[in-house]
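> Sequence first, then the predicted structure:
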Amino acid sequence: MKLLIKSMATLLFFSASAQEQYSISSQKDRLRQYSGQWVSAITTESDSLAVLPNIKMSGLSNTNNNSLTVKVFQKNKKGQYQSILHEIIGYDNLSDTIFAAGHNASGAFFTGKGGFTSQSKWTMHDKDLNGNPTMRVDFKFQNYTDVILEGFDNNQKSLWKTRYIKQNPKDKNIGVQLVSVHEEMLKNPQATLIQLGRMGYSYVETFVYNDGSFYGYSPKEFKAIVEKAGMQFLGSMTFFDPDDKKDFNAIDAWWQKTIEDHKAAGVAYLSTSNSKIKEITSISELKAYSDYYNRVGKLCKDNGLKFVFHNHADEFLTIEGIRAYDYFLENTNPEFVYFQSDVYWMDVAGVNPVAYFKKYPKRFISWHVKDHKELGTSGKIDFKELFKHKKVSGLEYVVSEVEAYSFPPLFSIGLAWEYIYYELLNEKNNL
């Protein structure tokens, strides 16, 4: 993880620096910006929402993300939602165009063809089944969770205009590690958090705690902006590794202050990791760390928090013939020390998380669900098999993380939510 904190700056959604490094180049991938659950804003001039929005729209991915099933519902005078449009929108690789076919509530069918002229602008030209042009629809993405649609007749006169705001469900309690969107958080935390909340994330996990602050905000201030974005601040990665593991005064002082700050922020668990595994040469040093983690874990428990140890790959090295990770599991008190399984780093180390879940049940209350790039794309990690063992592991906190990208980070972390929600957290995975 990157631990360098830079100064704050104004966020422009399609910033020049982001565009130089990452882009959404294909029509097929750009279409995925339209996936998800959306509701209409009160006006097209703002992103404010009514308690009961006038329109609800869903776009669900089909068949290797080649198409979306789009359904639109409008509120009637009785406050009930009625279907007004049903269509399939997909990418045709032969013509390199976006194609649509659908019908309205009266049974009038139509087809449409078009495409993206940039990452944020998309135009479709509709025809009836007799081939007569009926309407042009322009889509303008303000960001990945905010899009304005406008329909025009054959004389280019505006027929209607609607602004959709993404409102994905939060019923499966999916969290996000903010390192995934680190640069965006440094530039504009509030705008970034709003998008994450709209994408469906229920809570955030940070890694930037420093002298009582998070991204320059006090604990209560940061808690407030996270909650304003429709999420909770539940987890925080914290880093304090004193050379003298028996300097209890220094240890207790640092962690007590840290605990107090995080309780003020509403956090449920603190996690830490060990960057010095390669420097450990003896079992006695492993014991010193285990004793340290037990002490910190007890401090957390006494103050109503949980303490979690996060792995990378080095923990699976052996010291005097014993794997460091195994030693920590055997020599930390289950009442005080839990574990956060980073399944990506376990894969890099060549170990199977399921074997650990079975051997040490209920110890792994949090997982970092991360792949070698965008989640679920490498084919190297069998995420579906892992999630069949979420109960035996004791999983409470599913944390999405992306650190290597093919696309802009906010787009990638949105895709990660979709993969976890629709592919991994389903009724089949209940072991």
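Thanks, I have the structure now. This one's a predicted model, so the numbers in the text were calculated from it and none came from an experiment. Numbering: from 1, shown residues only.

> can you give me the helices in this protein?
Remark: helices assigned in the chain by DSSP state H are 16-21, 27-31, 182-187, 189-199, 219-228, 248-265, 283-302, 324-331, 343-349, 353-359, 383-387, 390-393, 409-418.

> Using PDB, list the CA coordinates for the last one.
Same thing as helix 409-418. What follows is helix 409-418, C-alpha atoms only, in PDB (Å, rounded to 0.1, in the frame of the first residue of the first chain):
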ATOM      1  CA  PRO A 409      -9.600   3.700 -10.300                       C
ATOM      2  CA  LEU A 410     -13.100   4.900  -9.500                       C
ATOM      3  CA  PHE A 411     -14.400   2.900 -12.500                       C
ATOM      4  CA  SER A 412     -12.400  -0.200 -11.400                       C
ATOM      5  CA  ILE A 413     -13.700   0.000  -7.800                       C
ATOM      6  CA  GLY A 414     -17.200   0.200  -9.100                       C
ATOM      7  CA  LEU A 415     -16.700  -2.900 -11.200                       C
ATOM      8  CA  ALA A 416     -15.300  -4.600  -8.000                       C
ATOM      9  CA  TRP A 417     -18.600  -3.900  -6.100                       C
ATOM     10  CA  GLU A 418     -20.600  -5.400  -9.000                       C
END
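
> okay, now the domains of the chain?
Following automatic domain parsing, the chain resolves into domains at 16-166, 174-424.

> On the pLDDT front, check N64 for me.
pLDDT for N64: 88.

> Please report phi then psi for it.
Backbone geometry at N64, expressed as degrees, to the nearest 10, gives phi 60, psi 30.

> Quick one: the domains of the chain as a markdown table, columns for mean neighbour count too.
Just so you know, the C-beta spots here come from the backbone N, C-alpha and C atoms, and that holds for glycine as well. Output for the domains of the chain, formatted as a markdown table (neighbours: other Cβ atoms under 10 Å):
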| stretch | mean neighbour count |
| --- | --- |
| domain 16-166 | 16 |
| domain 174-424 | 19 |
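
> Point out where this protein drops to low pLDDT.
Scanning the chain for pLDDT under 70 picks out the ranges 1-20, 427-431.

> what's the spacing between L178 and A313?
22 Å (Cβ to Cβ, to the nearest Å).

> Kindly report the same for F141.
Separation of F141 from A313 (Cβ to Cβ): 38 Å.

> How about P361?
Counting by Cβ to Cβ, the gap from P361 to A313 is 23 Å.

> and what of Y405?
Taking Cβ to Cβ, one finds Y405 at 20 Å from A313.

> And N173, by the same measure?
28 Å.

> Same question for H182.
For H182, the distance to A313 equals 21 Å [Cβ to Cβ].

> and what of G197?
From G197 to A313 the distance is 32 Å (Cβ to Cβ).

> Check K161 too.
52 Å.

> One more: N62?
To A313, N62 is 37 Å away according to Cβ to Cβ.

> and what of D126?
For D126 relative to A313 (Cβ to Cβ), the value is 52 Å.

> Equivalent analysis for G297, please.
23 Å.
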